[in-house]
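K.L.:
Have a look; sequence and predicted model below, questions after that.
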Amino acid sequence: MTPGPLLEVQDLAKRFEVGGSWLGRHRRVIRAVDGISFSLEAGETLGLVGESGCGKSTTGRLILRLIEPSAGRIRLEGRDLLGLPARELWAARRRMQIVFQDPYGSLNPRMRVGQIIAEPLAIYHDADAPARRRRVSELLELVGLDPAFALRYPHELSGGQRQRIGIAAALALDPALIVADEPVSALDVSVQAQVLNLLMDLRRRLGLTYLFISHDLHVVLHMSDRVAVMYLGEIVELGPRDAIHHAPRHPYTRVLLSAVPVADRTLRRERIVPAGEVASPLALPSGCRFHPRCPFVIDRCRVEAPALREVGAGHRAACHLI
Amino acid sequence: MPPLLQVEDLVTEFRTATGPLRAVDRVSFTVDRGEVLGLVGESGCGKSVTSLSIMRLVPPPGRITAGRILLDGEDLLVKDAEAMRQVRGARIGMVFQEPMTSLNPVFSIGDQIASAALAHSGGGRAAAWERAVEMLHQVQVPAPRERVRDYPHQLSGGLRQRAMLALALISGPRLLIADEPTTALDVTIQAQILDLLRRLQAERGMAVLMITHDLGVVAELCHRVAVIYAGRIVELAPVERIFARPLHPYTRGLLRCLPHPRRFGQPLHSIEGAPPDSRRPSAGCRFAPRCPHAIESCRRDEPALEAREPGHLVACPVTT
Amino acid sequence: MTEAVAVGAARPAIARTRRRRVSFRAVFGITVLLAIGASALLAPRLAPWDPARQMLLKRLRPPAWEARGLREHTLGTDHLGRDILSRILHGGRISLLVGLSAVALAAGLGVTLGLCAGFFGGRTDAIIMRIVDVFLAIPYILLAMGVVFALGPSLLNVILVMGATRWVQFARIVRADVLSIREREFVTGARARGNRSGRLLLRHVLPNALTPIIVVATLELAFMIIYESALSFLGLGVQPSTPTWGWMLSDGRNYIATAWWLATFPGLAIMLTVLAVNLLGDWLRDTLDPRLKI
């Protein structure tokens, strides 16, 4: 085991160009992810939360180099992922896997469940056919499904079952890091609980490390050890779960906490009704990106973008007011 | 005073290749003037079909096959098409989940709202336009006089939903049916819309039938709640009682499987199994296969929705 | 893990309703095609006469049920005394052979280029699509004429020409489908699990693009048969000694008024085959699509 964090991300950025003519004029740039940094220790779960357009899903894919970053550094187990030649990147993929949001689109409809799960084993020559079959059964049981499901096609299964298969496929190569991109958002509440429990169980049993991405703040707080809050491509606050939950420092975090409806009338909460719309990444506000919607905005916020600063043990926030 | 809306033993079926599917199976509830009733359940439970039935907008091959729907004492199910058209918009307004598909993309929102105003109350075009601007102002659309000319695709999700609300409320309906109006929105926008709904509802003394899968939304907005499972109401109670003392095992299960701020990190309770196939309804209680308290009689006899305490109805003979 | 087993054993929440209605189109199409295919295969056995045998004493005899018809020539004879029925059976072999080969060639070329254009995008896509535009701009008959003049009329050249002009139909359809397939999450997931581009294309993208390919292939088969007939009719097809339906049509042109059976029966054969193939294609499109739509 290499010392140091399992995953280190520094100044990661991704720019998309849109519109404009063939010749390149009038092309606008969307800074989907604009210079974020964080690290993940082995065995911990970092939650990445934010609303649409904040860049959290893009971040997940950047880390796995499923989308190519525009800038920044990514180190997985001490190895620089961005400098890797194709062959070594392919080898490195064994250590990092992803689980998707959409149980209906994330499995190849033309392949049987067993084939989907066994495929990575075949590609990496990990096992011969009989061994692969055994491993598939093992993995299906691990995610709480009958091994007989290996013969079915995805369309024969429910959303929750398909999500479990997505998880099983991600576990096939025994990865160290799993990026979970909204893994339960498309599921009914009762099924959501089953899958979340499964993820927690697997984390404990297999010593997994999760980057847990979701727009649902409660789910993120439930699953994570530490939480990073993203807004318009930047991390605005990062800290231990309890600190974020009970002592949020960034106004956006406070707005989020206040906005999430709670199924409990006895809970006392801060009430801040946020103003305005979620800003468009095409037209970023000056200074602090949150200033047009911030209930506590001062003049400085419109002009100068705040930097992430320590506000507690392992707790950082980017706001002029702290 | 009689309730504004009374739904009695409503049955809505869909004809399928393998037999009729009862999406709504003898559902009964009332909505009083000025109150917000939440209809909550997971996907496929029949809550949306219920709301469409009330508006008589159930798409074929669906049909309402039994029951009565009384609006101010009048049975909507015996009205003809023209009369129903008058009801929709003028007496019942409806807001849907996905405003992009429920707003006409080729007309400006002003056009659509003004047309609705004209359809139900006459007057001139100019007056209708003014009312549209005023309505947009009431739903807190910034710069309404400029925005009124915008097309739906030019608006953000939150603004579109506000436009939908304006469209639904322009003719002053006494009842608003809101079918998952905030599900597709970001959470901060959802908070704004819920806040707006609360305000509008209080100001106008309007009744709201709020359909949602989100118990949090129910807690924020509703006075009373009906929990639906497999096309039947399993529990109906004031909102504080539902959260403080849920009686039906399904309601309890639902509440316990949500991540809760006091219990972050602890394993969640989950409900075993999956919702039943409505094409082959089994005998007895629909929830019995998944219920931790099920006894022999549960699989035989379908439990009736009964008042366990005044105002609190439950369809379960077992729990206390 | 009892909860897990219960979940696993529970009836899947999604029940697939399989429609067991038998489609008339499908039955008709498949039956006719099978009949044509069988007779083409067995032509040497089934044909009562050698198709090239000229029996000048019996030239221009009408079909057997007509007054001057002969029983041993069911569909009559042509201007050289050759048995029409035998020529149709043997001609069917050629027409189907040419049709199927040309479709295979067009599909092979078109699907490969369409996959690459759709999947890799950018420069590759631009170049391939410009080539497609060029091919679409030139009338295929002119193209065929040019090639056949240059290379000479032979069975192989005809197949090559037809395949090389019709590949664009496949390329466009496949490219369009691939553009949407490559965005689907299972493709990203497959990439994350070690699939590299080549394998992704072959194992994940292509199988999901099969529906339109199959449908276009059946429609193109119908087209190829007519295409070959047109080429033969224009004198650009295979050698005149080998009877193809197109040649027979062309030959029979001059005798339409006096000996209608020379052109009519090959024409009917073409029409029947094309109809059957089209019906089959329609039915395939209907059955394959909804099942793949999740």
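P.N.:
Good, I have the coordinates. The shown structure was predicted, so the numbers you read here are calculated from the model rather than taken from an experiment.
K.L.:
Show me where the stretch 1-150 of chain B has its helices.
P.N.:
Counting by DSSP state H, counting those that start in this stretch, the stretch 1-150 of chain B has helices at residues B:47-54, B:81-90, B:99-102, B:109-121, B:125-138, B:144-147.
K.L.:
and the ones you listed, which one's lowest on average pLDDT?
P.N.:
Lowest mean pLDDT within the helices of the stretch 1-150 of chain B: helix B:99-102, a mean of 77.
K.L.:
phi, psi of the spatially most central residue of chain A?
P.N.:
Most central in chain A under Cα atoms, centre = their mean is A:I213, positioned 2.9 Å from the mean C-alpha point. When quoted as degrees, to the nearest 10, the phi and psi of A:I213 stand at phi -100, psi 130.
K.L.:
I'd guessed it sits against A:T58; true?
P.N.:
No: counting by Cβ atoms under 8 Å, A:I213 does not reach A:T58; the two are 9.9 Å apart. All C-beta spots, glycine's among them, are computed from the backbone N, C-alpha and C.
K.L.:
what's the average pLDDT for stretch A:67-78?
P.N.:
pLDDT averaged over stretch A:67-78 gives 94.
K.L.:
try stretch C:262-272
P.N.:
What stretch C:262-272 shows for mean pLDDT is 88.
K.L.:
How about residues contacting it?
P.N.:
Stretch C:262-272 is contacted from outside by C:32, C:36, C:75-76, C:78-79, C:84-85, C:87-88, C:91-92, C:95, C:225-226, C:229, C:245-246, C:248-249, C:251-253, C:255-256, using Cβ atoms under 8 Å, 6 or more residues apart in numbering or on different chains.
K.L.:
just checking, which of these belong to helices?
P.N.:
C:32, C:36, C:84-85, C:87-88, C:91-92, C:95, C:225-226, C:229, C:245-246, C:248-249, C:251-252 (DSSP state H).
K.L.:
quick one, whichever strand or helix holds C:R175 and helix C:245-252 angle?
P.N.:
Following DSSP states H and E, the helix or strand that holds C:R175 is helix C:155-181. Relative orientation of helix C:155-181 and helix C:245-252, computed by axes from the mean of the first three to the mean of the last three Cα atoms, to 10 degrees: 130 degrees.
K.L.:
Filter the contacts of stretch C:262-272 down to just the buried residues.
P.N.:
Using 16 or more other Cβ atoms under 10 Å in any protein chain shown as the burial test, the contacts of stretch C:262-272 include C:32, C:36, C:75-76, C:78-79, C:84-85, C:87-88, C:91-92, C:95, C:225-226, C:229, C:245-246, C:248-249, C:251-252 as buried.
K.L.:
got any ranges where chain A has weak pLDDT?
P.N.:
A:1-3, A:20-26 (pLDDT under 70).
K.L.:
Which parts of it are helices?
P.N.:
For chain A, helices defined by DSSP H occupy the ranges A:56-63, A:86-92, A:113-123, A:129-142, A:159-171, A:189-206, A:217-223, A:241-246, A:251-259, A:299-303.
K.L.:
Mind listing residues that contact the fourth one?
P.N.:
Okay, so that is helix A:129-142. Contacts for helix A:129-142 (Cβ under 8 Å, 6+ apart): A:113-114, A:117-118, A:121-122, A:126-127, A:146-147, A:149-150, A:165, A:168-169, A:171-172, A:202, C:1, C:4, C:8.
K.L.:
What residues does the stretch 1-150 of chain B have near chain C?
P.N.:
B:T16, B:A17, B:T18 (Cβ under 8 Å from any Cβ of the partner chain).
K.L.:
Report the closest residue of the stretch 51-200 of chain A relative to chain B.
P.N.:
Nearest residue of the stretch 51-200 of chain A to chain B: A:A193, at 3.5 Å (Cβ to the nearest Cβ).
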